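Peer 1: my questions concern the predicted model and sequence given below.
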There are 2 protein chains.
Amino acid sequence: MSENSTELVSQLIHFLEEQQSEELLLAIEQHHPAELGRLIESLPNKYRQTFWELIPVKDKGEVLLAVHRELRLSLINITSEADLLKSLSTLQMDELADIDADLPLPVVTAMVEAMDSQRKARYQTVKDFPDNTAGGLMDTDATAVRKDVSLKAVYRYLCKLRKKEGMLPEQLDHLVVVDRNNQVKGILHLSDLVSWDNSLSVSDVMKDDVPLIDSLLSASQVAQIFEDHDLTSAPVVDQNKRLLGRITVDDVIDVLKHNAEQRLLAQAGLNNELDMFAPIAHISLNRAIWLGTNLITAFVAAWVIGLFESSIEQLVALAVLMPVVASMGGITGSQTLTVVTRGIARDLVSGANITALTVHELKVSFINGTLWAAVVFFVAFFWYGDLKLGGVFALALFVVSLAGTVSGALIPFILKKMGIDPAIAGGVILTTITDAVGFLIFLGAATLILI
Amino acid sequence: MSENSTELVSQLIHFLEEQQSEELLLAIEQHHPAELGRLIESLPNKYRQTFWELIPVKDKGEVLLAVHRELRLSLINITSEADLLKSLSTLQMDELADIDADLPLPVVTAMVEAMDSQRKARYQTVKDFPDNTAGGLMDTDATAVRKDVSLKAVYRYLCKLRKKEGMLPEQLDHLVVVDRNNQVKGILHLSDLVSWDNSLSVSDVMKDDVPLIDSLLSASQVAQIFEDHDLTSAPVVDQNKRLLGRITVDDVIDVLKHNAEQRLLAQAGLNNELDMFAPIAHISLNRAIWLGTNLITAFVAAWVIGLFESSIEQLVALAVLMPVVASMGGITGSQTLTVVTRGIARDLVSGANITALTVHELKVSFINGTLWAAVVFFVAFFWYGDLKLGGVFALALFVVSLAGTVSGALIPFILKKMGIDPAIAGGVILTTITDAVGFLIFLGAATLILI
């Protein structure tokens, strides 16, 4: 947390409490809409409406884009339809398509009504693709030229386009070269356009070995292509390589941030769309599902312990030491789980190398299992003065380390095959297994050997 | 995992086993160096050297950039100095500065020797900044123009630059407008250059309200500015606003990916720089630290249990139910911990709102604590037919939920104040507290009320 934003948020809260509108307007003016979005997320609920109402209508569209969906819905709720309509006029096609599902139907209808037929057709093109595909991410403002025209003609075309539209598309760094069937033949970088003699033709300076984005690719695949090729924008094409639109790198950054956040939140069973200060009831319900799931798995572990009640009654040290076994199994397993889950997400782990990787991981936990088994043997021996108890404790810790590793390697792989995101369900399944196996091995071995 | 890459890696392993060099060379030719980097990370150790040797020298530099540091070091180890030197010639300044610490000293010396004096000075500029600052991320190939020249003169300059250097800088989408003291006055987008009449002057079409990146900003702050303003590149300046270089969005994406990965891996106590197939000894040592830390915290919990040995001997149901209490406290706490840690990372949580947020979280866990306390009361009652035991169990679960929430909210906040990354240490501290508190409350209350 930078000191600046602590001060800023404190100041805003102060202004809001004192109803100092002028200071608030000044602060709002000094910040980009995306920053305003973060500020409004930082404000507790009771201040949000006042703050929102002070934001100029022209910026509200971008603020809506920047905040989480739940907050967006509540802000839309307190905004008049006329203001909403005005605020949307600053957004790009792909941005509209991202939030239109959250808008009241009359606003969407009025928005579409106000478009000219070309924009209407473009809007429909983006709407027809799911959000998490290249088609859903793309904007429809790709600028196309033919390959047989001169660079001079391209300049003339761009000047005309600026006069007609008032501006060129944002983040324009290349033009798409198409043939008469709108099939993409290559791209013309603006940096080539401006640095070659303008009597040359487009085909002389265009690049034809550029990656084209198939409209059906997933958002994550698109992000990977951008990353591998260091792209700032790329043409989106249909299956016949006809130009549909373009994706700019800011959309890719949104995808990467969203994916990263989703993975982090998923590990605590949290829905990524929730706002920090969302209504208590919403948050409680969202978390209850995960807590309930965990309770069931905790009772599975408890049931395993229950099988050995009479052993514990005879040797209460077992109750003291058993959580250590389960915990070390869980940690060992989660280290492997993280490596394999990350490998799957980065497309590094597959059927081709999962066996080699599991064996590699097993060797690691053989070493660590041996090391920590030796340590706990001595701890238990000094604590209870019982060699046999130390031996059983060490054995159980060693076995549960190996079991955790095998589970950690195979669970994400199997989940992925079943079409389930390993980042969400992996951890809870792993812990259930390592807890149950840990208690079973330790208490089972103790019952056989010590009791 | 896409089916394609499973097949591809299997095929490569097959070719490598059968020593089919021609097929391998063909496969290598069809992939971008960044993809080759991922492929080599997917290959088990024994195949890597052969594969690496088949990659053309001109691509090796970019492959080295794409892989994790540990793998990079081992690849550098098996490459001749002459080849290394050749492979580096395709890299940009900021890329060189990223990997030069991993290169043998003679190669770095030879590389610097081969630079002309201008490149040498630029290289030194980047080297002088730490890697995780704007200065360390920047490339020194910003292209600058004066504000009083005509657009026509800019074209002439760019054509000359292309002739002199053979090419323009990669991902060039704007020129930086500077005065005679090299102070940045604004930027000229290429899209403006190409669409305005070329008799206009730079000052007529330049933008002067653009964000400049201070060379001392942290990499994360740079990423936030790029994200907020949807930038594809931006000028880097010193404290007197003099132009030092530029940052392109591909560097920002690398920062975002690196941060996201680091956070995920840190939760399992893993060092982010490790390669999946790194030597067993390295991986084992890296993980042993985390396992050892966890073992200590597990023994703290065991010690708490040990305080109540005689209670457990008298009522063995306590041993069966106690892990449930600790586990629910851990999950409740980790949900709050995740929300607050994420809020801190996104600059949404600060001293200004931490109290409001903690109260909000406590209300949530009051609801969920009550709900699940009721559930476990009935489970314990039906299992053991003991109303009082059910009551103590429910009470402990309720109290540990609140304790978990308070810990989850305050731990990351306090760690951040102490300058420790909450994403790394937060989880293990939280679990230690919820385990110890959970066992203490449950066994303590049981001892007072039931025994």
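Peer 2: On my side now, so go ahead.
Peer 1: all strands for chain A, in order.
Peer 2: A:144-146, A:174-178, A:184-189, A:213-214, A:233-237, A:243-248 (DSSP state E).
Peer 1: mind putting those strands in CSV, mean neighbour count and distance to chain B included?
Peer 2: (Glycine included, C-beta is placed from N, CA and C.) CSV is the format used below for the strands of chain A (neighbours: other C-beta atoms under 10 Å in any protein chain shown; distance: least, C-beta to the nearest C-beta, whole Å):
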stretch, mean neighbour count, distance to chain B
strand A:144-146, 17, 12
strand A:174-178, 25, 9
strand A:184-189, 22, 8
strand A:213-214, 22, 13
strand A:233-237, 25, 8
strand A:243-248, 24, 8
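Peer 1: nearest to residue B:86, of those?
Peer 2: Proximity to residue B:86 (C-beta to C-beta) singles out strand A:184-189 among the strands of chain A, at 26.7 Å.
Peer 1: got a list of contacts for the closest one?
Peer 2: Outside strand A:184-189, the residues that touch it by C-beta atoms under 8 Å, 6 or more residues apart in numbering or on different chains are A:145, A:147, A:154, A:173-179, A:202, A:205-210, A:212, A:235, A:237, A:241-243.
Peer 1: touching, residue A:60 and residue A:87? I think so.
Peer 2: Yes. Residue A:60 is in contact with residue A:87 according to C-beta atoms under 8 Å; the separation is 3.8 Å.
Peer 1: overlap in contacts of these two?
Peer 2: Common neighbours of residue A:60 and residue A:87, using C-beta under 8 Å, 6+ apart, are residue A:79.
Peer 1: what about residue A:167, neighbour count?
Peer 2: Other residues near residue A:167 number 11, with proximity taken as other C-beta atoms under 10 Å in any protein chain shown.
Peer 1: that one and chain B, how far apart?
Peer 2: Residue A:167 is 9 Å from chain B, where distance means C-beta to the nearest C-beta, to the nearest Å.
Peer 1: and residue A:365, what does it touch?
Peer 2: So residue A:365 contacts A:332, A:336, A:401-402, A:404-405 (C-beta under 8 Å, 6+ apart).
Peer 1: excluding sequence neighbours, find me the nearest residue to residue A:190.
Peer 2: Spatial nearest neighbour of residue A:190, excluding adjacent residues (C-beta to C-beta, 6 or more residues apart in numbering or on different chains): residue B:190 at 4.0 Å.
Peer 1: next one: residue A:293
Peer 2: Spatial nearest neighbour of residue A:293, excluding adjacent residues (C-beta to C-beta, 6+ apart): residue A:428 at 6.0 Å.
Peer 1: ok, the one you found - contacts?
Peer 2: Contacts of residue A:428 (C-beta under 8 Å, 6+ apart): A:269, A:290, A:293-294, A:297.
Peer 1: which one of those residues is nearest to residue B:219?
Peer 2: Nearest to residue B:219 among the contacts of residue A:428, with distances taken as C-beta to C-beta, is residue A:269, at 30.3 Å.
Peer 1: number of nearby residues for the closest one?
Peer 2: 23.
Peer 1: ok, it to chain B distance?
Peer 2: As judged by C-beta to the nearest C-beta, residue A:269 and chain B stand 7 Å apart.
Peer 1: for that residue, which non-adjacent residue is closest in space?
Peer 2: With sequence-adjacent residues excluded and distances taken as C-beta to C-beta, 6+ apart, residue A:269 is closest to residue A:290, at 2.7 Å.
Peer 1: and the pLDDT at that neighbour?
Peer 2: Residue A:290 is assigned 89 on the pLDDT scale.
Peer 1: how about residue A:272?
Peer 2: Taking residue A:272 on its own, its pLDDT is 59.
Peer 1: likewise the one 5 residues further on?
Peer 2: In this prediction, residue A:277 carries a pLDDT score of 86.
Peer 1: now do residue A:3
Peer 2: 48.
Peer 1: residue A:422: how many residues sit nearby?
Peer 2: 24.
Peer 1: find the nearest non-adjacent residue to the residue of the stretch 151-300 of chain A found nearest chain B, please.
Peer 2: Ranked by C-beta to the nearest C-beta, the top residue of the stretch 151-300 of chain A for proximity to chain B is residue A:260, at 3.4 Å. Leaving out its chain neighbours, the residue that sits closest to residue A:260 by C-beta to C-beta, 6+ apart is residue B:260, at 3.4 Å.
Peer 1: hang on, isn't the one you found packed against residue A:256?
Peer 2: Yes. Look at residue B:260 against residue A:256 with C-beta under 8 Å: they come within range, at 7.2 Å.
Peer 1: give me the more crowded residue out of the two.
Peer 2: Using other C-beta under 10 Å as the criterion, residue B:260 and residue A:256 rank with residue A:256 on top: 22 against 18.
Peer 1: so who does that one touch?
Peer 2: Taking C-beta under 8 Å, 6+ apart as the criterion, residue A:256 is in contact with A:223, B:253, B:256-257, B:260.
Peer 1: again, but for residue A:360
Peer 2: Residue A:360 makes contact with B:44, B:276-277, B:280, according to C-beta under 8 Å, 6+ apart.
Peer 1: per-residue pLDDT, the nearest residue to residue A:32 once chain neighbours are set aside?
Peer 2: Once flanking residues are discounted, residue A:32 sits nearest to residue B:228: 5.1 Å by C-beta to C-beta, 6+ apart. As predicted, residue B:228 sits at a pLDDT of 87.
Peer 1: can you count the residues close to residue B:228?
Peer 2: Other residues within reach of residue B:228, judged by other C-beta under 10 Å, total 19.
Peer 1: how about residue A:327?
Peer 2: Residues lying near residue A:327 (other C-beta under 10 Å) number 27.
Peer 1: got it, and residue A:279?
Peer 2: By other C-beta under 10 Å, the residues close to residue A:279 number 15.
Peer 1: swap in the one 5 residues further on?
Peer 2: Using other C-beta under 10 Å as the criterion, residue A:284 is surrounded by 19 other residues.
Peer 1: contact partners for the nearest residue to it once chain neighbours are set aside?
Peer 2: Excluding the flanking residues, the one nearest residue A:284 by C-beta to C-beta, 6+ apart is residue B:367, at 4.3 Å. Residues in contact with residue B:367 (C-beta under 8 Å, 6+ apart) are A:280-281, A:284.
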